[in-house]
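Chemist: predicted coordinates and the sequence they were generated for:
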Amino acid sequence: MSDYDFHKNHFELLGLPPRFHLDSARLDQAYREIQAQVHPDRVAHLGAVERRVSMQWATAANEAYQTLRDPLARARYLLHLRHVDTQEETNTAMPTAFLMEQMEYREAIAEAKASHDAHALERLEGQLKEKIVHHLAELERALDQAHDDAAAASLVRSLRFLNKIAAEIADALDALEQ
Amino acid sequence: MALLQIAEPGMSTDPHRHRLAVGIDLGTTNSLVATVRNGISVVINDEQGRALLPSVVRYRPEEAPQVGYAAQRAQSEDPYNTIVSVKRLMGRGLHDLADAGNLPYAFVDAPGMVQLKTACGIKSPVEVSAEILKRLRERAEHALGGEMVGAVITVPAYFDDAQRQATKDAAKLAGLNVLRLLNEPTAAAVAYGLDNAAEGIYAVYDLGGGTFDISILRLSQGIFEVLATNGDAALGGDDFDHRIYCWILEQSSLAPLSAQDTRLLLTKAREAKETLTEYPEVRITAVLSTGEMVDLLLTAQVFDALTASLVGKTLGPTRKALRDAGLTADQVKGVVMVGGATRMPQIQRTVAQYFKQEPLNNLDPDKVVALGAAIQANVLAGNRVADDWLLLDVIPLSLGIETMGGLVERIVPRNSTLPTARAQDFTTFKDGQTAMSFHVVQGERELVADCRSLAKFELRGIPPMAAGAARIRVTLQVDADGLLSVSAREESTGVEASVAVKPSYGLTDDDITRMLKDSYVHAKEDVHARALREAQVEGRRLVEATQAALAADGDALLSAAERADIAQGVSALAAALEGSDLAGLKRAVEKLNGMTVEFASRRMDASVRKALSGQRIEDVEC
């Protein structure tokens, strides 16, 4: 008895080549085409079996789409397919310069929060975004061209930190607006 | 030689036959039912030509409950037994109700959901809502004159799992087959978007009688994709009435009010609010049961000042929804206004100011949700329509599991597209631990105590191992209705332990049966007849769908033996449908369902392959 085939990977399900570089218009299109076929709304008038199978497929399509759409999640997933552990929980040995930078960001956020300086926060947000874009370009080189999985895993760990700081800035901005 | 097939008498083989389905807007203040007739969505009126059914139920001893206008008229004279705004009580415990003290009901604090003491005994909000739904079902059946396939029931987008479950239970109790629980702003977007062939980013600002929702949608190529939703499940037009009511009390030092007078003044407050939509001032007059007089003049200016904080409270969720969608207000192409409360001029002004554009009011804010729900019900019932569209909706509030120290481990983040499933691994805390208990909660806060408790369950039979060696995978699955189911298994040994989910809310099947029996005291049909009828509807649907699937894909996807098996299952079910043996019918349905799992999977797989075939060719080039 086979319900949805969970061995299919996200790239296969969406009919995309397994690499970091992504044609996002094509991803969107593939996702829409699949959902148009499998979404539970298509089988709401049918029996329990069709409804269950449809829910499994639509769930899988959503998971695949969410994972591939987000660059960090996509990189992590590619490394997982290559049996590389990104060691995000265990490996916290970051270069000293990177850690210093983290601390500087945190201090700047705390300062801007204390002085209710939304402009300072927006400036920080801009700087951080640039840095993230730069990291993503490096990640693409490491994964798609150099095939240097160790470097890619290290970039994934750095990006995770950067994303966390970006979220902190967003929260701080949110708090200021209210 | 192939055998010729002959259809069962009374069983339709015509796939083009129109299936009757309705959309129901179960509102805090008013409810409506709509359907698609000749391709156009229309509200079904009552015999007096009225579209709205006031969401008011009055219980009387030894009589059937009154629902709608008659009940509404009685609310001042019989406040304890006349339940208004029951939607605010759905899926809520007594401690959740900030304003319980202001409501003139005799509350009973029951586990999970509050209950009400009435002249007909203790009633759950689910039963009260079911009375409203039953009335709408009767109205629809009368107008449509045929068997209804099912209904789409709308709920506020910001309703949590407990509130959704309660709504679905109410529909079940009212004898409705729920095709889908649909979020109100999404329903409005369907009615609006299809009407205007809209494309781009739209916001739906929905201020109803008791709930506020804001949804941000992307409309593109027939897909309505909800990007983010937010809201306040306890903010609505009722609160504006209440501000006026408090102002009346402040202005006219009255003796402590009886329940009757409270209800009278709340009604006067609502009328004043409605008048201020059209006029700059309103005179509020009332004579209380004590003989005291109320005679006041309320200006729009004072009303604005009284309610400014309520209007402001809608902007926080609006900002959050935009942020979650990764958008700013100036990227929104249009703002669709939904809910009677958006008629208030201060709401219109505030929304226009925030989005820097005039909001869209071209569809009746009272009817747009029901109209959209009917359009969706028509499609979900399996009727073919000219335009093809798809709704992709999200879960409004994150789901998590309690961990050490009363903290929440977030598992399904808010605004995840539905359906969704997320798994999280947990491990044992002590050596030789053989059981674990889990607590599933919903909400955005860090502490379990600040979130809504949804379910507690235990996983037993874990093989004894060292602490930290077991790997228990808990999966939260949320379906297209936004309803949660939970499963758990121990992975490292491959042993699957059993899970007993003990809901901390919602009704068990026994509860539903008991409530059904209670409600049949005043009804003609009995429980068994209804269960049989429901099983027959499902059985006929299954026969029809299976025959259609066999005709379409039987040759391509099944071996001759597989096909013969399924055909035999169909015949057995068709035979069972002839009789009145409920258990036998259920068995036949179950059996055919079991036989068609593989077939359904292959059909789904084939349709996806076909959809992506254009892209697969490109892959070869990469």
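Modeler: Happy to help now that I have it.
Chemist: what's around residue B:55, how many residues?
Modeler: As a burial measure, residue B:55 scores 27 neighbours (other CB atoms under 10 Å in any protein chain shown). Yep, even glycine has a C-beta here, placed from its N, CA and C like the rest.
Chemist: name the nearest residue to it, ignoring sequence neighbours.
Modeler: residue B:31 (5.0 Å; CB to CB, 6 or more residues apart in numbering or on different chains).
Chemist: check the gap between the one residue in the stretch 51-200 of chain B that gets nearest to chain A and residue A:45 for me.
Modeler: Here the stretch 51-200 of chain B gets closest to chain A at one residue, residue B:179, 4.9 Å apart by CB to the nearest CB. Distance, residue B:179 to residue A:45, by CB to CB, to the nearest Å: 7 Å.
Chemist: anything in contact with each of those two?
Modeler: Listed as contacting both residue B:179 and residue A:45 by CB atoms under 8 Å, 6 or more residues apart in numbering or on different chains are B:149, B:150, B:380, B:381.
Chemist: and chain A, which of the residues you listed contact it?
Modeler: B:149, B:150, B:380, B:381 (CB under 8 Å from any CB of the partner chain).
Chemist: now the second one: how far from residue B:47?
Modeler: Right, the one you point to is residue B:150. Counting by CB to CB - residue B:150 and residue B:47 are separated by 24 Å.
Chemist: tell me which of these two has more neighbours.
Modeler: residue B:150 (23 against 8).
Chemist: touching chain A at all, stretch B:326-334?
Modeler: No - Stretch B:326-334 does not reach chain A (CB under 8 Å from any CB); its nearest approach is 10.1 Å.
Chemist: skipping adjacent residues, who's closest to residue A:65 in space?
Modeler: Residue A:65 sits nearest to residue A:31 (CB to CB, 6+ apart), 4.4 Å away.
Chemist: list the contacts of that neighbour.
Modeler: A:14, A:61, A:64, A:65.
Chemist: from what I can see the third one touches residue A:13, true?
Modeler: So the one you mean is residue A:64. Yes - Residue A:64 is within contact range of residue A:13, at 4.9 Å (criterion: CB atoms under 8 Å).
Chemist: ok, which stretches of chain A are helices?
Modeler: Residue ranges of the helices in chain A, as given by DSSP state H, are A:10-14, A:24-38, A:48-69, A:71-81, A:96-114, A:118-140, A:149-177.
Chemist: got it, and the stretch 451-600 of chain B?
Modeler: Under the criterion DSSP state H, counting those that start in this stretch, the stretch 451-600 of chain B contains helices at B:509-519, B:527-557, B:560-578, B:582-595, B:597-621.
Chemist: average model confidence for the shortest one?
Modeler: Throughout helix B:509-519, pLDDT has a mean value of 66.
Chemist: quick revisit: more neighbours: which of residue B:179 and residue A:45?
Modeler: A count of neighbours by other CB under 10 Å puts residue B:179 above the other of residue B:179 and residue A:45, at 26 against 22.
Chemist: if we can go back for a sec, which elements pack onto the helix or strand hosting the residue of the stretch 51-200 of chain B closest to chain A?
Modeler: For residue B:179, the enclosing helix or strand under DSSP states H and E is strand B:178-183. Judged by 3 or more CB pairs under 8 Å, 6 or more residues apart in numbering or on different chains; DSSP states H and E, strand B:178-183 is in contact with strand B:148-155, helix B:161-173, helix B:368-380.
Chemist: mean pLDDT for the ones you listed - can I get that in TSV?
Modeler: Putting the helices and strands packed on strand B:178-183 into TSV (pLDDT from 0 to 100) gives the following:
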stretch	mean pLDDT
strand B:148-155	94
helix B:161-173	92
helix B:368-380	96
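Chemist: just name the most buried of the ones you listed.
Modeler: helix B:368-380 (a mean of 30; mean count of other CB atoms under 10 Å in any protein chain shown).
Chemist: tell me how far that one lies from the chain's centre.
Modeler: Offset of helix B:368-380 from its chain centre (CA atoms, centre = their mean, to the nearest Å): 13 Å.
Chemist: so which elements touch that helix?
Modeler: Looks like helix B:368-380 contacts strand B:20-26, strand B:30-37, strand B:40-43, strand B:148-155, strand B:178-183, helix B:184-196, strand B:334-338 (3+ CB pairs under 8 Å, 6+ apart).
Chemist: right, and the helix or strand after it?
Modeler: Next along the chain after helix B:368-380, taking DSSP H and E as the criterion, comes strand B:390-392.
Chemist: next structured bit after that next one?
Modeler: Immediately after strand B:390-392, counting by DSSP H and E, sits strand B:399-403.
Chemist: chain A - how does it break down into domains?
Modeler: Using automatic domain parsing, the domain parsing of chain A gives A:10-69, A:96-177.
Chemist: can I get these in JSON lines including mean pLDDT?
Modeler: Below are the domains of chain A laid out as JSON lines (pLDDT from 0 to 100):
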{"stretch": "domain A:10-69", "mean pLDDT": "92"}
{"stretch": "domain A:96-177", "mean pLDDT": "89"}
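Chemist: most packed of these?
Modeler: Buried most deeply of the domains of chain A, by mean count of other CB under 10 Å, is domain A:10-69, with a mean of 20.
Chemist: how far does it stretch from start to finish?
Modeler: 11 Å (CA to CA, to the nearest Å).
Chemist: chain center to that domain, what's the gap?
Modeler: 17 Å.
Chemist: swap in stretch B:225-240?
Modeler: On CA atoms, centre = their mean, the centre of stretch B:225-240 falls 14 Å from the chain's centre.
Chemist: rank the helices and strands packed on helix B:368-380 by pLDDT, which is bottom?
Modeler: Across these, the lowest-scoring stretch is helix B:184-196, with a mean of 89.
Chemist: next helix or strand past it?
Modeler: Going down the chain from helix B:184-196, the next helix or strand is strand B:200-207, by DSSP H and E.
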